[in-house]
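Engineer: Got a sequence here, can you model it:
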Amino acid sequence: MIDYKDICSKIESAAREAGKFIKRESIGFDISRTENKGLHDFVSYVDKESERMLVEKLAIILPEAGFLAEEGTSSKISSEYCWVIDPLDGTTNFVHGLHPYAISVALTKDNVPVAGVVHEVEGDETFTAWKGGGAWLNESRINVSSAKKVSASLVATGFPYNDFNRLEKYMSCLSYFCRASHGIRRLGSASVDLSYVACGRFEAFYEYDLKPWDVAAGIIIVREAGGRVSDFSGKEENLTGQEIVAANRFVFPEFLEIVSKFMRD
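Structural biologist: Predicted coordinates for the structure are as follows:
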């Protein structure tokens, strides 16, 4: 039987090593060394080298696992276990010299996250979780907040950057939360947003048009911290990031109802 706690520790070690590389490269980084993958979707040699480092280390940890990595460093496929990797979540922040940006790595079994690590590079904060093992920030156990209502919540979101088909609905939802909550924050890194829900800094988070590597690690971190995660219709399984709602267990029903009201077709 695979020891997910041990796996998590090894993921953390690999993420921290890649994080040191990213931090070194952030000093004097030249924005002209980026490429456009799509509208407002950047990639740099830093993303690619971070992913190469991670793939190399993770392949040793669990050789039978496949990979779903943002920059396509490995296309190895496995029917059971898969590494889901974002080597630099928050590239736009990184290339502009802003924080936060993070490394996000999850191990999934049959498409369900069973271990996850989000390493926020500049803050040197590492969020970890494994199936049945709770959620952790560095060496300390974390839990979602105990706020009971949206009116007592700080809400996080991510602005649409590629798919603007639901922009008007999104802005209506944003407007509602501006009035009905403690406020809105937009950090620019979904994996960090989810980790902050897990440790109680945010009560809730929603976004659309994300990818599996943006959310896979954050999903298990939130759940192991006592929170809930679903899509806009409330489905909690097989989440791809196309729609995501996360909140502490008290706020979640009300928060989901509001997001669903504004965002569902």
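Engineer: Show me the residue at the heart of this protein, geometrically.
Structural biologist: Closest to where the C-alpha atoms of the chain average out (C-alpha atoms, centre = their mean) is S191, at 2.0 Å.
Engineer: mind listing what that residue touches?
Structural biologist: Applying C-beta atoms under 8 Å, 6 or more residues apart in numbering to S191 gives the contacts D86, D89, A102, S104, V118, D214, V215, A217, G218. From N, CA and C alone the C-beta is placed, and that goes for glycine too.
Engineer: which two from the residues you listed end up farthest apart in space?
Structural biologist: The most widely separated members of the contacts of S191, counting by C-beta to C-beta, are A102 and V215 (12.3 Å).
Engineer: So for the two, which sits in the more crowded spot?
Structural biologist: A102 (34 against 31; other C-beta atoms under 10 Å).
Engineer: So for that one, what pLDDT did the model give?
Structural biologist: As predicted, A102 sits at a pLDDT of 98.
Engineer: Might one say that it is in contact with G116?
Structural biologist: No: applying C-beta atoms under 8 Å as the test, A102 and G116 come out as separate, 11.7 Å apart.
Engineer: Leaving out sequence neighbours, find the closest residue to S230.
Structural biologist: Spatial nearest neighbour of S230, excluding adjacent residues (C-beta to C-beta, 6 or more residues apart in numbering): E236 at 4.5 Å.
Engineer: My guess is that neighbour contacts V222. True?
Structural biologist: No: with contact defined as C-beta under 8 Å, E236 does not reach V222; the gap is 11.1 Å.
Engineer: List the residues that are in contact with both of those two.
Structural biologist: Here E236 and V222 share the contacting residues R228, V229, scored by C-beta under 8 Å, 6+ apart.
Engineer: List buried members of the contacts of S191 by neighbour count.
Structural biologist: D86, D89, A102, S104, V118, D214, V215, A217, G218 (16 or more other C-beta atoms under 10 Å).
Engineer: now the last one: how far from G158?
Structural biologist: Using C-beta to C-beta, to the nearest Å, one obtains 12 Å as the distance from G218 to G158.
Engineer: and for the two, which residues touch both?
Structural biologist: Counting by C-beta under 8 Å, 6+ apart, the residues touching both G218 and G158 are A190, D193.
Engineer: Show me where the stretch 51-200 of the chain has its strands.
Structural biologist: Assigned by DSSP state E, counting those that start in this stretch, the strands in the stretch 51-200 of the chain fall at 66-69, 81-89, 102-109, 112-120, 125-130, 135-137, 140-142, 154-157, 183-185.
Engineer: quick one, what contacts the residue nearest to D231 when sequence neighbours are not counted?
Structural biologist: Among residues not flanking D231 along the chain, E243 sits closest, at 4.0 Å (C-beta to C-beta, 6+ apart). By C-beta under 8 Å, 6+ apart, E243 lies in contact with Y208, D231, F232, S233, M263.
Engineer: Mind picking the two most distant members of the residues you listed?
Structural biologist: Once C-beta to C-beta is applied, the contacts of E243 give Y208 and S233 as the farthest pair, at 12.2 Å.
Engineer: More neighbours: which of the two?
Structural biologist: Using other C-beta under 10 Å as the criterion, Y208 and S233 rank with Y208 on top: 21 against 11.
Engineer: Now the more buried one. Nearest residue, chain neighbours left out?
Structural biologist: E243 (5.1 Å).
Engineer: And the one you found, its phi and psi?
Structural biologist: In terms of degrees, to the nearest 10, the main-chain angles of E243 are phi -140, psi 140.
Engineer: Kindly report the same for the one 4 residues further on.
Structural biologist: The phi and psi values for A247, taken as degrees, to the nearest 10, are phi -160, psi 170.
Engineer: Quick check: it touching F255?
Structural biologist: Yes: the criterion here is C-beta under 8 Å, and A247 meets it with F255 at 4.6 Å.
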